[in-house]
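[1] quick one, structure for this:
(one chain, ligands or ions: 2)
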Amino acid sequence: MGHDLKARSKINGPDSMRVLGIETSCDETGIAIYDSELGLLGDALYSQIDVHAEYGGVVPELASRDHVRKTLPLIRQVMAESDTDQSQIDGIAYTAGPGLVGALMVGACVGRALAYAWGVPAIGVHHMEGHLLAPMLEDEPPEYPFVALLVSGGHTQLVKVDNLGEYTLLGESLDDAAGEAFDKAAKMLDLDYPGGPRIAALAKKGDRTRFKFPRPMTDRPGLDMSFSGLKTFTLNTVAAHTEADGLPDDQTSADIACAFEEAVVATLVIKCRRALKETGFSTLVIAGGVSANIRLREELEKALKKLGAKVFYARHEFCTDNGAMIAYAGCQRLEAGQSSSQAIKVRPRWPMEELPPLRSAEEI
Ligand code: KG4
Ligand code: ZN
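    Ligands and ions are numbered 1, 2, ... in the order given. Okay, the predicted model is just below:
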């Protein structure tokens, strides 16, 4: 078990809790400080995109090494920018999974070492719970219960959220995650990694009516999804229009990007609508990198309005990986008296349903 909660600093207020959040699960080093009374005090992000760009995807070993270089300097920076010294930190939250094992180890080692040195509790946060709670940092946060659509580079899941920590998986992608499909489609069109924002930008120039891509698994009941067939369909369309230089012409590339984006968005909208009907809930939260997609937001807003339901999402920079969501999620659990043992433990695979509810005194 971790240390007992230290006596709170007077500056923070007697009942508030100030938490340092550390996110290193993939290719972004994210650091933030969240105060339960004052809100988000500071955050900084270092993206490794340039490190991995020439490989067309994340190289795990390079990711770990870069986290080693960036984590401590970013912590110093965020603490200085938010006028917080170590005596004001009441707890530490680090991403413990899911993610790349070496990358996770960096954040876990730093988090646990600082917690030991500063005599404060620390907690390993579930990366997807972090994403799911990111919209709570907005001025108008969603209220429980809700359905969450988690759409990132590694996950595509529909989750029934009865409360913080009370999750039931309703459906998920049986193969590629939506973000992964965006990244692969981008590669086919010779666009850089990460492909999501690049496909979205190119799609703006596309003609929505030229191609119609399939909406996988929407014609049968259920909330599971599949994006690998759509990927093959995209590949075949690209191949059928490839010219001498090895790519379709610019307009065709834009039309393909557009058709691909429309297909992913339409599929997700159908599944979200179905999940709301099934649960009887009227609140949808979308989170994870793909929730930054404007077409997805627009189409969900339109569809949900008809159902009398509402969609919530995080500000753009908190849709993709960041430290703020980890600091926030960790703060909720630390405040409830939960913490993780001093062993440095990460879980590259970690089903979210295994998380304890907030009221449980279980160790994470
Ligand atoms: O949540 P995230 O930062 O990392 C993971 O936990 O995986 O998500 C990254 C994913 C990438 O696949 C990226 O291409 C996708 O989110 N993404 C987008 C957009 N912005 C990021 N996909 C579609 N449209 C976007 N605007
Ligand atoms: Zn993520």
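
[2] leaving out chain neighbours, which residue sits closest to residue 81?
    Spatial nearest neighbour of residue 81, excluding adjacent residues (Cβ to Cβ, 6 or more residues apart in numbering): residue 42 at 4.6 Å. Heads up, the C-betas are built off the backbone N, CA and C, glycines and all.

[3] so the one you found versus ligand 1, what's the distance?
    Distance, residue 42 to ligand 1, using Cβ to the nearest ligand atom, to the nearest Å: 20 Å.

[4] same deal with residue 122?
    Applying Cβ to the nearest ligand atom, one obtains 21 Å for the distance of residue 122 from ligand 1.

[5] for residue 177, same thing?
    7 Å.

[6] now swap in residue 17 and tell me
    Residue 17 sits 26 Å away from ligand 1, going by Cβ to the nearest ligand atom.

[7] and the residue of the chain most remote from its centre, helix, strand or coil?
    Distance from the centre of the chain peaks at residue 244, with 39.1 Å (Cα atoms, centre = their mean). At residue 244 the chain is in coil, as set by DSSP: H, G, I helix; E, B strand; the rest coil.

[8] gap between it and residue 256?
    18 Å (Cβ to Cβ, to the nearest Å).

[9] same thing with residue 342?
    Residue 342 sits 52 Å away from residue 256 when distances are taken as Cβ to Cβ.

[10] and the two? which has more neighbours close in?
    Per other Cβ atoms under 10 Å, whichever of residue 342 and residue 256 has more neighbours is residue 256, with 25 against 14.

[11] residue 286 belongs to a helix?
    No - assigned with three-state DSSP, residue 286 falls outside any helix and is strand.

[12] hang on, the earlier thing: burial measure for the residue nearest to residue 81, as a count.
    Other residues within reach of residue 42, judged by other Cβ under 10 Å, total 20.

[13] please apply the same query to residue 163.
    A count of nearby residues for residue 163, using other Cβ under 10 Å, gives 11.

[14] do residue 355 as well
    Using other Cβ under 10 Å, the number of residues around residue 355 comes to 22.

[15] now do the SS call for the residue nearest to residue 81.
    Residue 42 ends up strand, using three-state DSSP.

[16] quick one, what contacts it?
    For residue 42, the contacting residues are 32, 33, 78, 79, 81, 82, 84, taking Cβ atoms under 8 Å, 6 or more residues apart in numbering as the criterion.

[17] dump the residues you listed into CSV; add neighbour count, pLDDT and distance to residue 359 as well.
    Supplementary listing: the contacts of residue 42 in CSV, determined by neighbours: other Cβ atoms under 10 Å; pLDDT from 0 to 100; distance: Cβ to Cβ, whole Å:
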residue, neighbour count, pLDDT, distance to residue 359
32, 29, 99, 25
33, 27, 98, 26
78, 23, 98, 31
79, 19, 98, 31
81, 13, 98, 34
82, 20, 98, 30
84, 20, 98, 29
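
[18] cross the residues you listed against helices and list the overlap.
    With helices taken from DSSP state H, the overlap with these comprises 78, 79, 81.

[19] residue 193: which of these is nearest?
    Within the set of the ones in helices among the contacts of residue 42, residue 78 lies nearest residue 193; the separation is 26.5 Å, counting by Cβ to Cβ.

[20] can I assume residue 327 is in contact with residue 18?
    No - with contact defined as Cβ atoms under 8 Å, residue 327 does not count as touching residue 18 (9.1 Å).

[21] higher neighbour count, those two?
    Neighbour totals were compared for residue 327 and residue 18, and residue 327 leads with 33 against 25 (other Cβ under 10 Å).

[22] which one is that one nearest to, not counting chain neighbours?
    Spatial nearest neighbour of residue 327, excluding adjacent residues (Cβ to Cβ, 6+ apart): residue 21 at 2.6 Å.
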